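Q: take a look and give me a structure for this.
(one chain, ligands or ions: 1)
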Amino acid sequence: MTANLYLNSIYRATEGEGALIGRPQIFVRVQGCAIGCANCDSKDTWNFEVSPSCHVADALVQILALSHPKLRRVSITGGDPLHPKHVPGVLELARELKSRKFFISLEASGTRIVHEIFDLIDFINFDFKPPSTKTERTLENQAKLIVELAQQYPGKFQIKSVAQDERDFATVLKCHELVEEKLGAAINFDWCLTPVYNPGEAFPLERFKLILQLNENAGGVFRVIGQQHKWVYGPNEKEV
Ligand code: SF4
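A: A predicted model of the protein is given here:
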């Protein structure tokens, strides 16, 4: 093993959001992200410089120590694990884990498809970035990538989008329609909406109800799933 990983942390916890909610897994959180979502809840993972790189072999030792004969699931998250700086380390780690029969999911920021990694792993969590993230990603570009995923990785991904307000919801819905139009068929994969729950705020009940209501009014095309780990541990707790 020769590649390095820029690591924030490795820990065991239960998936708190999206279609895989409730499944215990080992999280490998890389350090470094250049996307800059305004409502990111992991801003401590942005800076590439704060974490000295470690060998993939050392990360593997930590993962194996946290695993269990029946718990062989790893989530590679960040940060942005598909940033070019992370790709060699993530790729090598994924190969090592697959050779040990781990199930691997990866949190993709939705800005790029990295085939060499996507071909290898078991499940892709692919973000759609709505206006509240202030990432200025166009709806058309995001729809194009989602169509590519649907065509090339059927049954192997979900789309995840945070939703702050009516504007976010309307944008996500528009993208959903555009993707169906480009595919020429109804969407048959999970598209999850996560009502924003910012660090430091009380549980945003009214925002949650609003997103539920908007989705019901629009025909229920999305799955609205909150961030369970924040209900249990609070919105500021790390490694849960
Ligand atoms: S891509 Fe993820 S880690 Fe990066 S800023 Fe956005 S939410 Fe935060």
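
Q: show me where this structure has strands.
A: 4-14, 24-30, 53-55, 73-77, 103-108, 123-128, 157-163, 191-195, 223-224 (DSSP state E).

Q: what's the least confident stretch among those?
A: Ranked by mean pLDDT, the strands of the chain bottom out at strand 53-55, which scores a mean of 89.

Q: residues making contact with that one?
A: 1, 3, 4, 5, 6, 7, 89 (Cβ atoms under 8 Å, 6 or more residues apart in numbering). All C-beta atoms are positioned from the backbone trio N, CA, C, and that covers glycine.

Q: the lowest-mean-pLDDT helix or strand in the chain pairs with which strands?
A: The least trusted helix or strand in the chain, going by mean pLDDT, DSSP states H and E, turns out to be strand 53-55, with a mean of 89. With DSSP bridges as the test, strand 53-55 is paired with strand 4-14 (antiparallel).

Q: the partner strand: which residues count as buried?
A: 4, 5, 6, 7, 8, 9, 10, 12, 13 (16 or more other Cβ atoms under 10 Å).

Q: now that strand and strand 24-30, what's the angle there?
A: Per axes from the mean of the first three to the mean of the last three Cα atoms, to 10 degrees, the angle that strand 4-14 makes with strand 24-30 is 150 degrees.

Q: circling back to that earlier point, would TSV of the strands of the chain with distance to residue 139 be doable?
A: Output for these, formatted as TSV (distance: least, Cβ to Cβ, whole Å):
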stretch	distance to residue 139
strand 4-14	30
strand 24-30	28
strand 53-55	36
strand 73-77	25
strand 103-108	18
strand 123-128	9
strand 157-163	12
strand 191-195	14
strand 223-224	20
